[in-house]
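Novice: Provided below for reference: sequence and predicted model.
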Amino acid sequence: MKISTKGRYALRLMIDLALQDPDKYIPLREISKRQEISIKYLEQIAFLLLKNGYITSLRGLQGGYKLQKKPELYLVGDILRVIEGEIVPVTCLKTQSYPCGRSDTCKTLPFWKGLHAAVNDYLNSFTLADLAFENKISTDTER
């Protein structure tokens, strides 16, 4: 289980938008410069976020992107799942996969389920506001 560059950049894009005036549309070229990410790559990410209702866009001279909701209403896990798909440690836990013929006798399945729950619980324990404004990162990661 590894978060791709696209997933990491999606978080950076969303954080960048969270730090801007919520009433203003921000052009991708500005975000591209600040985040040092190519506009072409940001366009792919923005498309997925737009299609899934995480951001909104406006065309034209005053156009760009902005968050659809307040930063505290976005879970980090949800943002990553929009970009990455399901975040699972083993394929047999994917809801879209074919069931494993050994699942009834698999001795490791409870372990993988526990890891899956722990990772997703952790990802869902942070909001976009937590990342953007560092509300709980420093204390939670010191565990």
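Specialist: Yep, that arrived.

Novice: Can you find which helix in the chain contains the most residues?
Specialist: In the chain, taking DSSP state H as the definition, the longest helix is helix 109-124.

Novice: need the helices for this protein, in chain order.
Specialist: In the chain, the segments counted as helices under DSSP H are 5-18, 28-35, 39-51, 76-84, 109-124, 128-133, 137-140.

Novice: can you tell which of those is closest to Ser103?
Specialist: Closest approach to Ser103 among the helices of the chain is made by helix 109-124 (6.0 Å; Cβ to Cβ). C-betas here are computed from N, CA, C, even on glycine.

Novice: then that closest one to PDB, C-alphas only?
Specialist: Extracted in PDB, the C-alpha atoms of helix 109-124 (Å, rounded to 0.1, in the frame of the first residue of the first chain):
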ATOM      1  CA  LEU A 109      -7.200 -12.300   6.900                       C
ATOM      2  CA  PRO A 110      -8.000 -10.900  10.400                       C
ATOM      3  CA  PHE A 111      -4.600  -9.300  10.500                       C
ATOM      4  CA  TRP A 112      -5.100  -7.600   7.100                       C
ATOM      5  CA  LYS A 113      -8.600  -6.500   8.100                       C
ATOM      6  CA  GLY A 114      -7.100  -4.900  11.300                       C
ATOM      7  CA  LEU A 115      -4.400  -3.200   9.300                       C
ATOM      8  CA  HIS A 116      -7.000  -1.900   6.800                       C
ATOM      9  CA  ALA A 117      -9.200  -0.600   9.600                       C
ATOM     10  CA  ALA A 118      -6.200   1.100  11.400                       C
ATOM     11  CA  VAL A 119      -5.000   2.800   8.300                       C
ATOM     12  CA  ASN A 120      -8.400   4.000   7.200                       C
ATOM     13  CA  ASP A 121      -9.300   5.100  10.800                       C
ATOM     14  CA  TYR A 122      -6.100   7.200  10.800                       C
ATOM     15  CA  LEU A 123      -6.700   8.800   7.400                       C
ATOM     16  CA  ASN A 124     -10.300   9.600   8.500                       C
END
